[in-house]
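Asker: need coordinates for the following:
(one chain, ligands or ions: 1)
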Amino acid sequence: MNKKITIAIDGFSSTGKSTVAKELAKELEYIYVDSGAMYRAVTLFAMQEGFVGTSFFDLGSLLEKLASIQVSFQINTQTSNADMYLNGINVENEIRTLEVSNLVSTVAANSIVRKKLVAIQKEMGKNKGVVMDGRDIGTVVFKDAELKIFMNASADTRAERRYKELKEKGQDVSYEDILKNVVDRDHMDTTRVDSPLVKAEDAIEIDNSNLSRKEQFEMILKLVQDKL
Ligand code: CDP
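Answerer: Numbers count the residues shown, from 1 in each chain. Presented below is the predicted three-dimensional model:
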């Protein structure tokens, strides 16, 4: 049997990291962890409690409640994907809205929030055989990952993909708002002090602006096979 490795996929927002990460996990029979879903769930919690909104962020109140926030993944038997649960409630759809996307980078910039979620992520990957995607997986969470990918694509391509995805889910969004969100999050995620989005020195960069889903999958699978 092949040895199990750790695969870290980082990159800018809406670069299709989770699409390829899910495909790889399925092919390799690895665990897939969408670390962004965890930051989104904490953000949703803060929104529900009235701790964060478009013009305010009551960080103190969020931190007071942080220990009581439970985030977990549970397999959805219909889709076979892992859905995000916040304090026992399935919030998979709620965390994907543009409202959450507009606030998540503010919440994710906080070091105490990050410390909590990074600890859970490390635990999930401690036995290897994991594909995790996010912003700091190759630089912070699994610095020793055998394979690190850094995904990129033009902002227009990314916004178009996300626009299509949300429209298909029936969300009422404009392309301009999505593009703004993508650009704003790129800025916030790359300039924050704690765990900014940067390419790990040993990561392989892939620009998938002109790659089909299949081409991208095959390219990364080949990189995995070289490590096994
Ligand atoms: O899927 P999308 O590219 O829209 O983003 P995501 O992976 O769901 O991540 C949402 C946000 O969570 C990012 O914009 C980051 O602010 C934050 N995040 C993070 O700080 N660290 C991670 N490992 C993953 C996500």
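Asker: how much space between K126 and T6?
Answerer: 10 Å (Cβ to Cβ, to the nearest Å). The C-beta positions use only the backbone N, C-alpha and C, and glycine is treated the same way.
Asker: neighbour count winner among the two?
Answerer: Legend: neighbour count by other Cβ atoms under 10 Å for K126 and T6, higher for T6 (23 against 10).
Asker: and V71, what are its phi and psi?
Answerer: Main-chain torsions, V71, degrees, to the nearest 10: phi -120, psi 130.
Asker: now for K126 and T6: what residues contact both?
Answerer: Among the neighbours of K126, none is also in contact with T6 (Cβ atoms under 8 Å, 6 or more residues apart in numbering).
Asker: can you list the residues of this protein near the ligand?
Answerer: Proximity of the chain to the ligand, by Cβ under 6 Å from any ligand atom, involves residues 13-14, 18, 35-36, 39-40, 104-105, 108, 134-137, 185, 189.
Asker: kindly indicate which of these lies nearest I204.
Answerer: I137 (13.6 Å; Cβ to Cβ).
Asker: quick check: which helices or strands does whatever helix or strand I149 lives in pack against?
Answerer: Assigned by DSSP states H and E, I149 belongs to strand 147-152. Packing partners of strand 147-152 (3 or more Cβ pairs under 8 Å, 6 or more residues apart in numbering; DSSP states H and E): strand 6-11, strand 204-207, helix 213-227.
Asker: distance to E176 and mean pLDDT for those - can I get that in a markdown table?
Answerer: Shown next, in a markdown table, are the helices and strands packed on strand 147-152 (distance: least, Cβ to Cβ, whole Å; pLDDT from 0 to 100):
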| stretch | distance to E176 | mean pLDDT |
| --- | --- | --- |
| strand 6-11 | 23 | 98 |
| strand 204-207 | 24 | 97 |
| helix 213-227 | 26 | 96 |
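Asker: just name the most buried of those.
Answerer: Among the helices and strands packed on strand 147-152, strand 6-11 has the highest mean neighbour count (mean count of other Cβ atoms under 10 Å), at a mean of 28.
Asker: which SSE is immediately downstream of it?
Answerer: Toward the C-terminus, strand 6-11 is succeeded by helix 17-28 as the next helix or strand (DSSP H and E).
Asker: heading C-terminal from that next one, find the next helix or strand.
Answerer: Next in sequence after helix 17-28, counting helices and strands by DSSP H and E, comes strand 31-34.
Asker: note down every partner strand of that next one and its orientation.
Answerer: Within its sheet, and counting by DSSP bridges, strand 31-34 is paired with strand 130-134 (parallel).
Asker: mind listing what's buried in whichever helix in the chain runs longest?
Answerer: Ranked by number of residues, the top helix in the chain under DSSP state H is helix 175-191. Within helix 175-191, the residues that count as buried by 16 or more other Cβ atoms under 10 Å are 178-179, 181-182, 185-186, 188-189.
Asker: I9 contacts R135, doesn't it?
Answerer: No - here I9 lies out of contact with R135, judged by Cβ atoms under 8 Å, at a distance of 10.2 Å.
Asker: need the overlap of contacts for these two.
Answerer: Common contacts of I9 and R135, defined by Cβ under 8 Å, 6+ apart, are absent altogether.
Asker: I'd like the buried residues of helix 175-191 laid out as CSV, including pLDDT.
Answerer: What follows is these, written out as CSV (pLDDT from 0 to 100):
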residue, pLDDT
I178, 97
L179, 97
N181, 97
V182, 97
R185, 97
D186, 97
M188, 98
D189, 98
